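A predicted structure for the sequence below; I have some questions about it.
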Amino acid sequence: MRLKHYYFLVCAVSALLTVPGCGGTSPQAGTPQSQPAGERGQNSQRGGGRGGGQAAVDVRTTTVQRIAVQRQIDLSGNLVSNDQVKISTEVAGTVLEANIEIGQEVRAGQVLIKLDERELQFARDRAESALRQTEAQLGIDSAKPLVVPPDEQIASVRTAIANRDDAKTKYLQAQELVRKGLIPKADLDTNETRLKVTEATLQSALESIRSLKASLQDRRAAVQLAQKKIEDSTVRSPVNGVISERLVQRGEFVRENTQIATIVQLNPLQLRTAVQEKFSSLIQPGLPVQFAVEPFPGQVFTGRIANISPSIDQGTRTFPVEVRVENANRKLKPGFFAKGVILTGRDSNVMAVPEDAVSTLAGVSSVFVIANGIVRQQSVTLGAHEGKFLEILDGLQGNEMLAVSNLNQLVTGTAVKTGTADSAEAVQPQGGSTKPSKGSRKGTQ
């Protein structure tokens, strides 16, 4: 037993001193342990961090492209009617006809409702009677109702003038007779008093005529107002549009200023949106707009900027913008929510790479540059997304060769075997795509 215990103690000490023997297994030739340190380092470098001795990764490659990029600003907003009119009555009355239905398209001047106009006709007849009375007092010829005679030609004035002239003549005669002593002075005083009365009567007649002439205008206006109310009993559409709301029924009595319907204009429409203040220098009238609405997925509608607010909203730091949208086919309706882009300009000769060449992890984008069969991972800053290409703002010189396949197997130092990418993926026309659903980097110019 002591001999056996001694034997195990010796083996343990030998193992600590890395002395082969005592039941241990000696290193085999060709293993890493038996190789010199220099060779182990070279094998590790060729492994590229994926484990020594790994085969090179097959990848397809591409080069940095130069393309044209459409600059655009994202927008969202609501479609509204360019004209939305609430139709109201101007007179009271009972509805005799109601030619309006929701969804009905109407033209400007088309009759919407008719009210009972009999009471209004009675009011007009009374106004016309008062007018005729005034015209008769002024001596206006019915054949020439607009010709008002001078004051001196009106009968009441002519009578007052004649009485005044007669009194004046008798007064002068009385003066002469008194001077000759043929009549007493009392007769002269009587004639003088009569002259003053006739002059006052003439003045009163003139004032009465002036008052009648003033009332003549009022009576004529009353007749015209009564006629207008009769015409207003027939309510017509002031604009072209579609009935969106009907509020009265046949036989209903309505008062003045009662709303009867709402008309909305469907062509053109307005897209009302708001743009961030940092883009104020880019937005100008006439810029094209592309947008989509949920009821028509995949379909792109167009418009142009019509109006731009000159002031910035202090709360949202945005400024309102109105886009004119032609809607001849009536597909779009007021109230639709629209989402799209404002096309602000187009840049050519922009550095870009295929989207398959970009790897994004935790918000950091990078590409894999290949030089002499070895991969180098390079961080890049992306810009606009144009078709299948991504704009490169920073990180590349423009002459690099990039991997576009098996990116998940690549890290810096990985050895690769290269092939060229398909020509359809490596070449992008200068036109590019501008679909609003893709969207480019917001506001890049």
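Now that the structure is in, tell me what you want to look at.

for stretch 290-302, buried residues please.
290-293, 301 (16 or more other CB atoms under 10 Å). (Glycine included, C-beta is placed from N, CA and C.)

max pairwise distance over those residues: which two?
The most widely separated members of these, counting by CB to CB, are 290 and 293 (11.8 Å).

average pLDDT across stretch 272-289?
For stretch 272-289, mean pLDDT rounds to 94.

thinking again about what came up before, quick check: neighbours shared by residue 290 and residue 293?
Here residue 290 and residue 293 have residue 301 as joint contacts, going by CB atoms under 8 Å, 6 or more residues apart in numbering.

so the residue nearest to residue 195 when sequence neighbours are not counted, which state does it fall into?
Excluding the flanking residues, the one nearest residue 195 by CB to CB, 6 or more residues apart in numbering is residue 167, at 4.1 Å. Here residue 167 is helix, with the state taken from DSSP: H, G, I helix; E, B strand; the rest coil.

now do the same for residue 167: its pLDDT.
On the pLDDT scale, residue 167 is placed at 89.

ok, the buried residues of stretch 290-302 vs residue 156, which is closest?
residue 301 (75.4 Å).

any idea how far the nearest residue to residue 156 once chain neighbours are set aside lies from residue 57?
Leaving aside its sequence neighbours, residue 156 sits nearest to residue 205 (CB to CB, 6+ apart; 4.8 Å). From residue 205 across to residue 57, the span is 120 Å (CB to CB, to the nearest Å).

can you give me the helices for this protein?
2-16, 37-47, 118-137, 155-180, 185-232, 423-426 (DSSP state H).

and the longest one, how far out from the chain middle?
When you say that, I think you mean helix 185-232. 61 Å (CA atoms, centre = their mean, to the nearest Å).

so where's this structure shaky on pLDDT?
1-54, 420-445 (pLDDT under 70).

can you list the domains in it?
Domain assignment for the chain by automatic domain parsing gives 57-71+346-426, 74-81+265-344, 87-115+235-263, 118-232.

the residue nearest to residue 156 and residue 160 touch, don't they?
Yes - applying CB atoms under 8 Å, one finds residue 205 in contact with residue 160, separated by 4.1 Å.

so who does the closest residue to residue 79 other than its chain neighbours touch?
Among residues not flanking residue 79 along the chain, residue 336 sits closest, at 4.5 Å (CB to CB, 6+ apart). For residue 336, the contacting residues are 78-79, 293-295, by CB under 8 Å, 6+ apart.

any idea how far residue 336 is from residue 201?
Residue 336 is 79 Å from residue 201, by CB to CB.

got it, and residue 248?
Going from residue 248 to residue 201 by CB to CB gives 59 Å.

more neighbours: those two, which one.
residue 248 (21 against 17; other CB atoms under 10 Å).

which residues sit in contact with the spatially closest residue to the more buried one that is not a sequence neighbour?
In space, and not counting its chain neighbours, residue 248 is closest to residue 260: 4.5 Å by CB to CB, 6+ apart. Going by CB under 8 Å, 6+ apart, residue 260 touches 87-89, 100, 112-113, 235, 246-248, 254.

what do you get if the cut-off is 10 Å, keeping everything else the same?
Residue 260 makes contact with 86-89, 95, 98, 100, 112-113, 235, 245-249, 252, 254, according to CB atoms under 10 Å, 6 or more residues apart in numbering.

circling back: who touches both of residue 205 and residue 160?
Common contacts of residue 205 and residue 160 (CB under 10 Å, 6+ apart): residue 154.

give me the number of residues near the closest residue to residue 366 other than its chain neighbours?
In this structure, residue 366 finds its nearest non-sequential neighbour in residue 379, 4.8 Å apart by CB to CB, 6+ apart. By other CB under 10 Å, 10 other residues sit near residue 379.

and for residue 178?
17.

and what of residue 367?
There are 26 residues near residue 367, going by other CB under 10 Å.

got it, and residue 362?
Using other CB under 10 Å: residue 362 sits among 4 other residues.

quick one, what contacts it?
Taking CB under 10 Å, 6+ apart, one finds nothing in contact with residue 362.

now do the one 3 residues further on
By CB under 10 Å, 6+ apart, residue 365 lies in contact with 358-359, 378-382, 390, 392, 395.

what do you get for residue 400?
61-64, 353, 357, 367-371, 376, 378, 392.

among these, who's most crowded?
Tallying neighbours with other CB under 10 Å puts residue 357 at the head of the contacts of residue 400, with 29 neighbours.

ok, that one - contacts?
Contacts of residue 357 by CB under 10 Å, 6+ apart are 60-64, 366-369, 380, 389-390, 392, 400, 402-405, 407, 421, 425-426.

at 6 Å what do you get?
Residue 357 sits next to 367, 402, 404 when contact means CB atoms under 6 Å, 6 or more residues apart in numbering.

distance to residue 140 for the residues you listed - can I get that in a markdown table?
What follows is those, written out as a markdown table (distance: CB to CB, whole Å):
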| residue | distance to residue 140 |
| --- | --- |
| 367 | 97 |
| 402 | 99 |
| 404 | 98 |
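
so which of those residues are in strands?
367, 402 (DSSP state E).

what's the closest of the contacts of residue 357 to residue 146?
Distances from residue 146 to the contacts of residue 357, taken by CB to CB, are shortest for residue 367, at 89.9 Å.

wait, that closest one sits on residue 378?
Yes - counting by CB atoms under 6 Å, residue 367 does reach residue 378; the two are 5.4 Å apart.

does residue 112 touch residue 100 like I think?
Yes - using CB under 6 Å, residue 112 is in contact with residue 100, at 5.1 Å.

intersection of neighbour lists for those two?
Going by CB under 6 Å, 6+ apart, no residue sits against residue 112 while also sitting against residue 100.

nearest residue to residue 342 other than its sequence neighbours?
residue 73 (4.6 Å).

burial check on that neighbour, number of neighbours?
For residue 73, using other CB under 10 Å, the count is 25.

so what's residue 322 up against?
With CB under 6 Å, 6+ apart, residue 322 has these contacts: 270, 272, 306-307.
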